[in-house]
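Colleague: After the sequence you'll find the predicted model.
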Amino acid sequence: MTATTGTQRMRAKQRPGDRIFSSTAVGAGVIILLTLAAVTIFLIVESIPAFTTNPEENPILEGQSFLSYVAPLIFGTLYSSLIALVLATPLAIGIALFISHYAPRKLAQGLGYIIDLLAAVPSVVFGLWGGLVLAPLVQPLYVWLNENLGWIPLFAGQVSATGRTLATASIVLAVMVLPIMTAICREVFLQAPRLHEEAALALGATRWEMIKMAVLPYARGGIVSGMMLGLGRALGETMAVTMVLSASGGVGFAILTASNPSTIPANIALSFPEAYGEGISVLIATGLVLFVVTFAVNAFARYIVSRRKDFSGAN
Amino acid sequence: MTVNFKRYGAVAAMAVAGTMLLTSCAANEGTSAAGSSDAPASDLAGDISASGASSQQAAQEAWVAEFQGANPDVTINYDPTGSGTGRENFIAGSSAFIGSDRAYKTDEIAEATFGACAPDSGIVELPLYISPIAVIFNLEGIDTLNLDAATIANIFNGTITNWNDPAIAASNEGVELPDLAISPVHRQDDSGTTENFTAYLNEAAPEAWTNEPDGVWPLEGGEAAQGTSGVVDAVKGGQGTIGYADASRAGDLGTVAVQVADGSFVEFSPEAAAAVVDASGYEEGRTEGDLAIALDRAGAEAGTYPVVLVSYLIACEQYEDANTAEVVKAYLSYIASEEGQQAAADNAGSAPISDTLRTDVEAALELIS
């Protein structure tokens, strides 16, 4: 026995199993950090030529500055993701509430399962569906919106004849981020203290009032972190946007026209096959920008979650 | 009794299996010897890596399959990296030959040393993949429209916005044009189809289309879609849409008959596309094996279809390695042959080259060594 003299605490004996487990756990953690570092280094090193060489000679920039090239792309990425979030959040909260507080137990389980299945559908399939089925389907609706609500800048402009607009891309993105948001909201709602709910009901609250007073305030942090995770997915989505969106340039808030800004991932996917030389560096540099944006979004989500640590079910 | 039978049975089975194994070995040797002596199919061997234009992908797949079938020891890897990357690879020396949607410019040839070739070697550029580009549209009940280059340019640059515009009606008497907004669809990605289409607009209608030919669509606005299939789907999916795509993909969409120099209107066809290449002649100031076509899009005669994509196969005159030269030469000769061109026509919908062009290509191929 080793001497455990004085104020030293008792140490548990290290058995081989302990050591193996702790070193694999540490190893796994380190690998994640290394991967992230490797990706960061790759992005930074590969994108340096985009800034150091003359934009006049760059096959993609063709004379314009990198900032003016990437700015519309950042706008397109953030704008489409934001619309997707606006569409998906109420829906996700509604579905989650239905599953946690309204639906009979059996139905709730089945429904939750189906929503989780949505997350397993590959984005290419969403892209095909969005471009071939959804776009022609909603196009008449866009015409109607434009005719009747065209005074709102959102619905202004010449309506696209094919329906492959920012609005359609955002709807597809909303469907894609729905599962993760719903799953997180549902978990948070289920964790609302039973006693609070019963107290509210005992005081004569209707079910809606009970949810409003006892569940939603408690779950606010969880809802926000779900939104942020969904936003992260929407920002990085590539295939669906590439296949649905008619990105022909032009920065504007109108979402029903054929002229839309592209998003960073879609632009990389479209331009990479024919890119060469410093053009590749420019595309990788836009990837770096997206990396930073996504990082910021995730950091922001962490911050919100940690600020409401006591009330969030996600920590 | 049964045990004994089993044991003997096993021994017998092993004996039978053993003899079969031996005889089959012998039989194998016999046939393979006979095979190689009977038909010395080809003594070509080697791995060739190539890259370049994705427009040639379907054709290259057919060519490679046929060629490797005839020459079992040859492996050709055609990587459809895109023309720009292909041209870089050829200069860097990582591709023995390339496909490209345009020939090297003369100053590029003067500046570059081609890593794939022997020092001071020239290059051969062969227009072996010719494909008509159809201008497709979706209007109910209308299968074909007659349009001149200026009108097409004005439609795509957004000057003409409605199908009942007088400029369209003027060349389409008797066709009931609807009062419907025009939605032009273009390629979202960098492509040789766009480059050749904009080159046509720029040359045949310089006042209406002032942008330089480019693989990237130069204008803002309009509908954009990914790839040939994306454009075709977008045109199909909307009403009053118009786009441009490889003619083999036009399907049952309406197509435009293009006005040529003498005022007549020509529908696309493989023959008409090959004819315009023949009528155009070669660019000036090029070497003997450099068959860069000076495509005469503006002055196309009757019966020739000026909206074509001409894609080149580019190789060295002299290779460092004699074996590489031999395989590349044989492969390109196959592509230029009637059956090679027919294979591309069947699989990719391209236009087979004419016999006149084939004669020149064969002469150029003789330079490869």
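Modeller: Everything's here; your move.
Colleague: Which parts of chain A are strands?
Modeller: For chain A, no strands are identified by DSSP state E.
Colleague: which residues of it score low on pLDDT?
Modeller: Chain A contains residues with pLDDT under 70 at A:1-8, A:308-315.
Colleague: For the longest helix along it, name the packing helices and strands.
Modeller: The residue-count maximum for a helix in chain A (DSSP state H) belongs to helix A:16-52. With contacts defined as 3 or more CB pairs under 8 Å, 6 or more residues apart in numbering or on different chains; DSSP states H and E, helix A:16-52 has these neighbours: helix A:278-307. Every C-beta, even on glycine, is put in place using the N, C-alpha and C of the backbone.
Colleague: Of all the residues in the helix it packs on, which ones are buried?
Modeller: Across helix A:278-307, burial judged by 16 or more other CB atoms under 10 Å in any protein chain shown covers A:278-291, A:293-294, A:297-298, A:301, A:304-305.
Colleague: can you check stretch B:277-292 too?
Modeller: Neighbour-count burial for stretch B:277-292 flags B:277, B:280, B:283, B:286-287, B:289-292 (criterion: 16+ other CB under 10 Å).
Colleague: and which of these is nearest B:Ser83?
Modeller: B:Ala292 (14.0 Å; CB to CB).
Colleague: Excluding residues flanking it in the chain, which one is nearest that closest one?
Modeller: Spatial nearest neighbour of B:Ala292, chain neighbours left out: B:Ala103 (3.7 Å); criterion: CB to CB, 6 or more residues apart in numbering or on different chains.
Colleague: Would you mind confirming that the one you found makes contact with B:Ala294?
Modeller: No - look at B:Ala103 against B:Ala294 with CB atoms under 8 Å: they stay out of range, at 10.1 Å.
Colleague: what's the distance between A:Ile211 and A:Glu187?
Modeller: 16 Å (CB to CB, to the nearest Å).
Colleague: now do A:Val282
Modeller: Distance from A:Val282 to A:Glu187, by CB to CB: 42 Å.
Colleague: for B:Val256, same thing?
Modeller: Separation of B:Val256 from A:Glu187 (CB to CB) stands at 57 Å.
Colleague: neighbour count winner among these two?
Modeller: Using other CB atoms under 10 Å in any protein chain shown as the criterion, B:Val256 and A:Glu187 rank with B:Val256 on top: 23 against 16.
Colleague: Moving C-terminal from the helix or strand harbouring the more buried one, which element do we reach first?
Modeller: Assessed by DSSP states H and E, B:Val256 sits inside strand B:254-259. The helix or strand immediately downstream of strand B:254-259 is strand B:265-266, counting by DSSP H and E.
Colleague: Now the element after that next one, going C-ward?
Modeller: Counting by DSSP H and E, what follows strand B:265-266 is helix B:270-280.
Colleague: and whichever helix or strand comes after that following helix, what does it pack onto?
Modeller: Later in the chain than helix B:270-280, the nearest helix or strand by DSSP H and E is strand B:308-316. In terms of contacts (3+ CB pairs under 8 Å, 6+ apart), strand B:308-316 is packed against strand B:97-100, strand B:123-138, helix B:192-204, helix B:270-280, helix B:322-336.
Colleague: Compare these and say which comes out lowest on pLDDT.
Modeller: Among the helices and strands packed on strand B:308-316, helix B:270-280 carries the lowest mean pLDDT, at a mean of 87.
Colleague: Those residues of the stretch 51-200 of chain A touching chain B, which are they?
Modeller: A:59, A:131-132, A:135-136, A:139, A:158, A:160-164 (CB under 8 Å from any CB of the partner chain).
Colleague: Buried ones among those?
Modeller: In these, burial by neighbour count holds for A:59, A:131, A:135-136, A:139, A:158, A:160-164, counting by 16+ other CB under 10 Å.
Colleague: and chain B, which residues reach chain A?
Modeller: Within chain B, the positions lying close to chain A (CB under 8 Å from any CB) are B:54, B:81-85, B:87-88, B:181, B:183, B:185-186, B:188-191, B:215, B:217, B:219-226, B:230, B:233-234, B:237-241.
Colleague: In ChimeraX, select just the buried ones from these.
Modeller: Filtering the residues of chain B next to chain A down to the buried ones (16+ other CB under 10 Å) takes a single ChimeraX command:
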select /B:54,81,82,83,84,85,87,88,183,185,186,188,189,190,191,215,217,219,221,222,223,224,225,226,230,233,234,237,238,239,240,241
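Colleague: just checking, which of the residues of chain B next to chain A belong to strands?
Modeller: B:183, B:185-186, B:223-225, B:241.
Colleague: Save the residues you listed as CSV, and put in pLDDT too.
Modeller: Below are those laid out as CSV (pLDDT from 0 to 100):
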residue, pLDDT
B:Ser183, 90
B:Val185, 92
B:His186, 92
B:Glu223, 87
B:Ala224, 88
B:Ala225, 88
B:Thr241, 92
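Colleague: which two of those lie the greatest distance from each other?
Modeller: Greatest spacing in those, by CB to CB: B:Ala224 and B:Thr241 (12.2 Å).
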